[in-house]
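*Asks:* Generate coordinates for the sequence data below:
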Amino acid sequence: MMCVIDVRSENDYVAGHVPGALSVPFERLSETIRASGLENCKGIPIAIIGEAASMYPGVLGTTCAQANVRLRKVFGFTDVSSLQGGMVAWEQAGLPVDTGRT
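*Replies:* This is a model prediction of the structure:
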């Protein structure tokens, strides 16, 4: 089991996201955690999905990297990783994509 957190904007999430991913835009990440919105992610691996750094394909975007650090250092989550290349890499790999809100 894994908790997938999409830190992109709500509009980007609705346009296409990893099936089962939680939409938690970066701007609301701390607020959501403080409100116990991620309790179901405690004790299981977390994967963060964001946008790739546009100038460097395959590299993490700043928001995704910041979310990773915030989850580990500020909120104490221990098994956190980020998808290199973000949602762009997911789609380019031909993996399934859902649209709309889940």
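*Asks:* Residues contacting the helix or strand harbouring residue 4, please?
*Replies:* In the assignment (DSSP states H and E), residue 4 maps to strand 3-6. For strand 3-6, contacts defined as CB atoms under 8 Å, 6 or more residues apart in numbering pick out 12-13, 17-18, 20-24, 38, 40-41, 44-50, 67, 87. Quick note: C-beta positions are derived from backbone N, CA and C, even for glycine.
*Asks:* redo that, cut-off 6 Å
*Replies:* 13, 17-18, 21-24, 41, 44, 46-49 (CB atoms under 6 Å, 6 or more residues apart in numbering).
*Asks:* so what's the closest residue to residue 65 other than its chain neighbours bridging to?
*Replies:* Take residue 65 and drop its neighbours on the chain: the residue closest to it by CB to CB, 6 or more residues apart in numbering is residue 82, 6.6 Å away. Counting by DSSP bridges, residue 82 is bridged to residue 48.
*Asks:* so how far is residue 36 from residue 82?
*Replies:* 23 Å (CB to CB, to the nearest Å).
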